[in-house]
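Engineer: got a predicted model here, sequence first, then my questions.
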Amino acid sequence: MQSAELFAGCGGLALGMSHAGFKHRYMAEFDHDAVATVLHNKNKGVEHVRDWPMGLQDVREINWKALSALDLVSGGPPCQPFGIGGKKRGQDDHRDMWPEAIRAIREAKPRLFLFENVRNIAGPRFRSYLDWIVAHLERPALVRRPDESHDEHRARLLASRARRDYEVVWQLVNAADFGAAQIRHRVLIFGVRQDLGVVPVPMKPTHSRDRLLWDQYVTGEYWARHGLKRRREAILRQDQVRVEQLAREGREPDGTAWVTVRDALRGLGEPNGGRNHVMQPGARVYPGHTGSPLDLPAKALKAGDHGVPGGENMMVRDDGTVRYFTTREAARLVGLPDDYEFPRSWTESMRQLGNAVPAPLGAAAGKWLRTQAEAAGGALAPRRRVA
């Protein structure tokens, strides 16, 4: 299945989509350092990455009409205009690339699309803009007029009697619920072209905190797997209450346990100076920045505009001390393989990793979208072009 990826970054979402069975025909990223990272790994022959057509490209310059007959367009438009930090200028920020994402859908007319962004875009400040994005993705050909506000355009889109070009659904997800070793909340927007006859439904989580608590504090299987004695001293009060409830009910939770930091870093050992696994000094605890415990998924890695931000990017070791994650450890938390290297500095590499979509979340979303489309009687084959 042929796909295109825009705003590709260092490749987290792209790798997930590759695992889901999509073959990238085109990839675009504007950041020179992120492109250098991908090309470094392409030249190394890293699986999937070696086949990526990655290029340094401003999405505003892409002729999407030349890339018709795509099965999928995916990507994560820059989240800085909508993030919790920064000036929160949203659609008034020059970095807002949602109009370009919509243009890609309008011109390429892919069968499917998948976009992601920070959860703050679904909050009160930007919810009306998210509603505009969804309404415009449903009818991408109905473009905004030069003198029209987003709210006026959204009202016109919703009032239109023209048939929608795409069925669109969005949902708020936690990457840990889909196998990532990070508690990272994101908004996913899925689209299926009307001629496929599919109305997408929200993804169902495959991993859970309940199952992790069961494995840790009911059966003890988690500790046995890591060769450790059972531990109860670090359990949170609310988790203790939940464990007692699960034990009383004797009901084993469905699905798979959340992947913890300890799980993700198993076998890696302490920093040894090789393959991006280098100790970084200066980690410290301060209010609001306390690091990630080993026996839960990591807190969301943060990018930071001016270096690596405090406690979000450090671990709390068994003895209670803290240290920064190495680049190699952070790459594991994103779901990148150990042969995926970062040729830039630790600070720059951590910025790229902090911006990356966890590959397991991308793979889960890609497989879910593909399965839904194929469930409509093999809708992805044979190919049908849109005039």
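Structural biologist: The structure has been received and is ready for your questions. Residues are numbered from 1 along each chain as shown.

Engineer: CA only for contacts and neighbour counts going forward, please
Structural biologist: OK.

Engineer: just the helices in the stretch 51-200 of the chain please.
Structural biologist: Assigned by DSSP state H, counting those that start in this stretch, the stretch 51-200 of the chain shows helices spanning 98-108, 127-138, 150-159.

Engineer: which helices and strands sit right next to the shortest one?
Structural biologist: Helices and strands in packing contact with helix 150-159 are listed as helix 127-138; criterion 3 or more C-alpha pairs under 8 Å, 6 or more residues apart in numbering; DSSP states H and E.

Engineer: just to revisit the earlier point, among the helices of the stretch 51-200 of the chain, which comes closest to Gln352?
Structural biologist: Closest approach to Gln352 among the helices of the stretch 51-200 of the chain (C-alpha to C-alpha): helix 98-108, 20.2 Å.

Engineer: between helix 127-138 and the closest one, find me the angle.
Structural biologist: 10 degrees (axes from the mean of the first three to the mean of the last three C-alpha atoms, to 10 degrees).

Engineer: buried residues in helix 98-108?
Structural biologist: Buried residues in helix 98-108, counted by 16 or more other C-alpha atoms under 10 Å: Trp98, Pro99, Glu100, Ala101, Ile102, Arg103, Ala104, Ile105, Arg106, Glu107, Ala108.

Engineer: verify the stated contact: the first one with Pro77.
Structural biologist: Yes - between Trp98 and Pro77 there is a contact under C-alpha atoms under 8 Å: 6.2 Å.

Engineer: show me the strands in the stretch 201-350 of the chain, by range?
Structural biologist: Under the criterion DSSP state E, counting those that start in this stretch, the stretch 201-350 of the chain contains strands at 207-208, 256-257, 292-293, 298-299, 314-316, 322-324.

Engineer: hang on, the earlier thing: so which of the helices of the stretch 51-200 of the chain gets nearest Gly335?
Structural biologist: Comparison of the helices of the stretch 51-200 of the chain against Gly335 by C-alpha to C-alpha identifies helix 98-108 as nearest, at 25.1 Å.

Engineer: which residues touch that closest one?
Structural biologist: By C-alpha atoms under 8 Å, 6 or more residues apart in numbering, the surrounding residues in contact with helix 98-108 are 6, 59-60, 64-70, 73, 77, 113, 133, 136-137, 140-141.

Engineer: now swap in stretch 156-169 and tell me
Structural biologist: By C-alpha under 8 Å, 6+ apart, stretch 156-169 touches 134-140, 142, 189-194, 198-202.

Engineer: so what's the backbone phi/psi at the nearest residue to Met279 once chain neighbours are set aside?
Structural biologist: Ranked by C-alpha to C-alpha, 6 or more residues apart in numbering and with sequence neighbours excluded, the top spatial neighbour of Met279 is Pro271, at 5.5 Å. With angles defined as degrees, to the nearest 10, Pro271 sits at phi -50, psi 130.

Engineer: neighbours around Pro271, how many?
Structural biologist: Residues lying near Pro271 (other C-alpha atoms under 10 Å) number 17.

Engineer: can I assume it is in contact with Leu265?
Structural biologist: No - counting by C-alpha under 8 Å, Pro271 does not reach Leu265; the two are 11.3 Å apart.

Engineer: so, low pLDDT: which residues of the stretch 101-250 of the chain?
Structural biologist: Within the stretch 101-250 of the chain, the ranges that satisfy pLDDT under 70 run 233-234.

Engineer: overlap of the contact sets of Trp98 and Pro77?
Structural biologist: Counting by C-alpha under 8 Å, 6+ apart, Trp98 and Pro77 have no shared contacts at all.

Engineer: got a pLDDT number for Gly366?
Structural biologist: Gly366 is assigned a pLDDT of 96 by the prediction.

Engineer: ok so, going back, go through the strands of the stretch 201-350 of the chain and pick out the most buried.
Structural biologist: Most buried of the strands of the stretch 201-350 of the chain, by mean neighbour count (mean count of other C-alpha atoms under 10 Å): strand 298-299, with a mean of 24.

Engineer: helices or strands up against it?
Structural biologist: If you count contacts as 3+ C-alpha pairs under 8 Å, 6+ apart, strand 298-299 packs onto strand 182-183.

Engineer: show me what the strand it packs on is packed against.
Structural biologist: Packed next to strand 182-183, using 3+ C-alpha pairs under 8 Å, 6+ apart, are strand 298-299.

Engineer: in the longest helix along the chain, what's buried?
Structural biologist: The residue-count maximum for a helix in the chain (DSSP state H) belongs to helix 359-374. Under the neighbour-count criterion of 16+ other C-alpha under 10 Å, helix 359-374 has 359-370, 372-373 buried.
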